[in-house]
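Undergrad: After the sequence you'll find the predicted model.
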Amino acid sequence: MSGAPPPLIEARGLTVEAPGETPRRRLLDGVDLAVPAGGRLVVMGPNGAGKTVLLRALHGLVPHGGTLLWRGRPAPPGPRRGQALVFQRPVLLRRSVLANLRFALAAAGAPRRVRTPRAEAALGEAGLLHLAHRPAAVLSGGEAQRVALVRALLAAPDLLLLDEPTASLDPEATRAVEALLARAAAAGTALVLVTQDPGQARRLGGEGAILRRGRIAARGPVAALPVGGAWGPLDDGGPAGLGAAP
Ligand SMILES: Nc1ncnc2c1ncn2[C@@H]1O[C@H](COP(=O)(O)OP(=O)(O)OP(=O)(O)O)[C@@H](O)[C@H]1O
């Protein structure tokens, strides 16, 4: 007997508290969400709503309360094999682009002889082979973000968490990053994308959630969500305190 497969990742009543503060302050306050294998979730909301904290919690980087399930089982703390997180500002090692990718393949356990061809193939597929021998430190923001994405996708993660990956990029670089995301999605990678860009949310599609003061204020298909600044003032005024009214 086989029922429906469990979501790839699922949060039930997820809470995160600001470390070391008395009284306790909740940065996330009872978040429920589920992303199926190959699914897409776009998270929007004002500054300070807790979007980055949510990604960090889903990635196992911060202690949390409530329940977090990975492939239907309690998620062990720490980044899990099969998931990757891409930050708004990519962090690349101070060496060549190719060396960055080879390093990631080594960390993922790829045998030495396949690292260079695999890294070059991944760069080629992304149209970035011309950057292979450039020092990562001299890349433009858009180039660095695409290299960071290629690196994150090298291990074919089942889940890719993205924190405003195009926030500081021009429209052309933004489209290039979105094309990489579309390719990853088509290959079956589930995406959780934090964005402030309503156009990007609509282009990516899928399910959406608006986070506000550490809580999900609205959810549904992205096309039906009140995006476009309608989630209120730019600054969320800080997360809700413990026990604050919804
Ligand atoms: N380690 C921490 N200790 C204390 N407060 C924190 C910590 N990390 C985040 N916060 C606070 O939690 C709230 C949510 O932060 P977060 O970075 O998740 O917001 P965000 O929705 O990603 O905002 P933005 O759109 O500006 O990136 C903020 O008020 C922030 O100051």
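TA: Thanks, I have the structure now.
Undergrad: Could you use CA atoms for every contact and neighbour count after this?
TA: Noted.
Undergrad: which residues touch the closest residue to Gln145 other than its chain neighbours?
TA: Excluding the flanking residues, the one nearest Gln145 by Cα to Cα, 6 or more residues apart in numbering is Pro90, at 5.7 Å. Going by Cα atoms under 8 Å, 6 or more residues apart in numbering, Pro90 touches 144-145, 148.
Undergrad: Name the nearest of those residues relative to the ligand.
TA: Comparing the contacts of Pro90 against the ligand with Cα to the nearest ligand atom places Gln145 closest, at 16.9 Å.
Undergrad: Neighbours of the closest one, how many?
TA: By the criterion of other Cα atoms under 10 Å, Gln145 has 27 neighbours.
Undergrad: pLDDT weak spots in this protein?
TA: Judged by pLDDT under 70, the chain has its weakly predicted residues at 1-2, 227-246.
Undergrad: And the helices in it, which stretches?
TA: 51-58, 97-107, 112-125, 141-153, 171-186, 198-204 (DSSP state H).
Undergrad: now those in a markdown table, with distance to the ligand?
TA: Putting those into a markdown table (distance: least, Cα to the nearest ligand atom, whole Å) gives the following:
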| stretch | distance to the ligand |
| --- | --- |
| helix 51-58 | 4 |
| helix 97-107 | 26 |
| helix 112-125 | 29 |
| helix 141-153 | 17 |
| helix 171-186 | 18 |
| helix 198-204 | 13 |
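Undergrad: What I need now is the ones you listed written out in a markdown table, including distance to Leu211 for each item.
TA: Shown next, in a markdown table, are those (distance: least, Cα to Cα, whole Å):
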| stretch | distance to Leu211 |
| --- | --- |
| helix 51-58 | 7 |
| helix 97-107 | 32 |
| helix 112-125 | 34 |
| helix 141-153 | 25 |
| helix 171-186 | 22 |
| helix 198-204 | 14 |
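Undergrad: residues in contact with the residue nearest to Ala119 when sequence neighbours are not counted?
TA: In space, and not counting its chain neighbours, Ala119 is closest to Leu101: 5.7 Å by Cα to Cα, 6+ apart. Neighbouring residues of Leu101 by Cα under 8 Å, 6+ apart: 119, 151, 154.
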